[in-house]
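>>> Give me the fold of what follows.
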Amino acid sequence: MSLLLRNLIFISCLINSAISFGAETAYPITIIDASQHPLTLTQTPTRVDSKSMFSDQVLMALLPLKNITSLSRLSKDATYSIIANQIPATLPLRDLNVERIIAERPDLVLVASWSDGPKIAQLRAAGIKVFVIKTVYSLDNIEKNILLIGKLVNKNAAAIALVKTMKETLKQQLIIPEKKLTAIEYTSWGASSNHNSTINTIISQAQLNNVIAYNSGDKFGQVPIAKEQLLALNPDIIIIPGIDSDGFKQQLLHDPALQTLTAIRHQRVISLPHALRSTDSQYIANAIVYLNHKVYQPHDSSSIH
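Residues are numbered from 1 along each chain as shown. Below is the predicted model:
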């Protein structure tokens, strides 16, 4: 059996073990990351650096602040980060700064699969332990990523609790309609998102049918949508990203070319805050409930938190 296959089986066993028992991580552990690089940890990392919004949000829920050496800069931006108001001023915010990380020598650095490859290579060459987290879109895989981070930092029980809270939030708060409405995300630059995106997960889990879920798109799941296509698709709901500070919602509602659209006729254009739209952590449950209530309980004043 190859080393890669053994490690893939091992990581599956680790996650399944965490789900079943919530036991402490038995170090040493070796896990293959999203870049196919084996990471070996001999003991619990007590100084962890985060360089992705996913790991920012998960670590803030799992670790004491004293064990987090820094978070990504975007985590403090309230427009895009749902945890912005939870981050104290004393916690450093930094991007993937090779020199600074090497100087500080954290026990573990968590990065995204889209992070700068040459910088990751430099850190590894300097003996820094870096784990590349796979970018995922489905609810199931997001939960697995949370459990994996819990395993790496020896917070299995806390990670299981996060996943349990996600499931309970959806079970208790989702409105299940008699008939699902159709929906599409539509941006001001004329694009939407297919199944290779977290927004598709948010839409589908919110009890809506994404009308372009299986259309071809780019590597980010983006699908160009002309007005003529929008008219042909005729969704019940149009979702726009952000809080609509530029008046895009009103542009759509009053566009003469779109007045026959069901969503326009019924004024069902919904703004989804960026902090919810962009999350791929435990907070995706909040995003799902928010959209679900905006559609099926439109007078609900749900907070994005």
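>>> Need the per-residue pLDDT for residue 93.
Per-residue pLDDT puts residue 93 at 94.
>>> quick one, what contacts it?
70, 71, 72, 73, 75, 76, 87 (C-beta atoms under 8 Å, 6 or more residues apart in numbering). Glycine gets a C-beta too; all of them are placed from N, C-alpha and C.
>>> is it in a bridge, and if so with what?
Going by DSSP bridges, residue 93 is paired in beta bridges with residue 71.
>>> where's it relative to residue 278, distance?
17 Å (C-beta to C-beta, to the nearest Å).
>>> now residue 143
According to C-beta to C-beta, residue 143 stands 18 Å off from residue 278.
>>> Report the buried members of the contacts of residue 93.
The neighbour count (16 or more other C-beta atoms under 10 Å) marks 70, 71, 72, 75, 76, 87 as buried among the contacts of residue 93.
>>> Need the residues you listed in JSON lines (columns: pLDDT).
Shown next, in JSON lines, are these (pLDDT from 0 to 100):
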{"residue": "70", "pLDDT": "96"}
{"residue": "71", "pLDDT": "96"}
{"residue": "72", "pLDDT": "95"}
{"residue": "75", "pLDDT": "94"}
{"residue": "76", "pLDDT": "94"}
{"residue": "87", "pLDDT": "96"}
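>>> quick one: low-confidence ranges for the chain?
In the predicted model, the chain carries pLDDT under 70 at residues 1-22, 244-246, 299-305.
>>> what about the strands in it?
29-32, 38-41, 48-51, 68-70, 108-112, 130-133, 181-185, 191-193, 208-210, 222-224, 237-241, 269-272 (DSSP state E).
>>> Can you lay out those strands as TSV showing distance to residue 163?
Below are the strands of the chain laid out as TSV (distance: least, C-beta to C-beta, whole Å):
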stretch	distance to residue 163
strand 29-32	18
strand 38-41	22
strand 48-51	19
strand 68-70	20
strand 108-112	18
strand 130-133	16
strand 181-185	26
strand 191-193	24
strand 208-210	23
strand 222-224	29
strand 237-241	26
strand 269-272	23
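>>> which of these is buried the deepest?
Sort the strands of the chain by mean neighbour count, taking mean count of other C-beta atoms under 10 Å, and strand 48-51 sits at the top with a mean of 27.
>>> Pull up the pairing partners for that strand, direction included.
strand 68-70 (parallel), strand 108-112 (parallel).
>>> so what's residue 48 up against?
Contacts for residue 48 (C-beta under 8 Å, 6+ apart) come out as 59, 63, 67, 68, 69, 106, 107, 108, 109, 110, 153.
>>> make it 10 Å
By C-beta atoms under 10 Å, 6 or more residues apart in numbering, the contact set of residue 48 is 55, 59, 62-63, 67-70, 106-110, 129, 131, 149, 152-153.
>>> Quick check on residue 261: phi, psi?
phi -60, psi 140 (degrees, to the nearest 10).
>>> Leaving out the residues flanking it, which one is nearest to it?
residue 234 (6.0 Å; C-beta to C-beta, 6 or more residues apart in numbering).
>>> any idea how far that neighbour is from residue 214?
In terms of C-beta to C-beta, residue 234 sits 17 Å off from residue 214.
>>> Neighbour count: the two, which is higher?
residue 234 (14 against 11; other C-beta atoms under 10 Å).
>>> so the more buried one touches residue 211, yeah?
Yes: using C-beta atoms under 10 Å, residue 234 is in contact with residue 211, at 8.3 Å.
>>> mind listing what residue 228 touches?
So residue 228 contacts residue 257 (C-beta under 10 Å, 6+ apart).
>>> can you put the strands paired with strand 48-51 in a markdown table and add distance to residue 266?
Putting the strands paired with strand 48-51 into a markdown table (distance: least, C-beta to C-beta, whole Å) gives the following:
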| stretch | distance to residue 266 |
| --- | --- |
| strand 68-70 | 46 |
| strand 108-112 | 38 |
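>>> Where do the helices of the stretch 101-250 of the chain begin and end?
117-125, 139-152, 156-173, 198-205, 227-233, 248-253 (DSSP state H, counting those that start in this stretch).
>>> Could you point out which of those helices sits nearest residue 220?
Proximity to residue 220, assessed across the helices of the stretch 101-250 of the chain by C-beta to C-beta, is greatest for helix 198-205 (10.7 Å).
>>> Kindly state the beta-bridge partners for residue 272.
Here residue 272, judged by DSSP bridges, has bridge partners residue 241.
>>> Just list the residues touching it, thanks.
185, 199, 202-203, 206, 239-244, 278, 287, 290-291, 294, 304.
>>> again with residue 219
Residue 219 makes contact with 114, 196, according to C-beta under 10 Å, 6+ apart.
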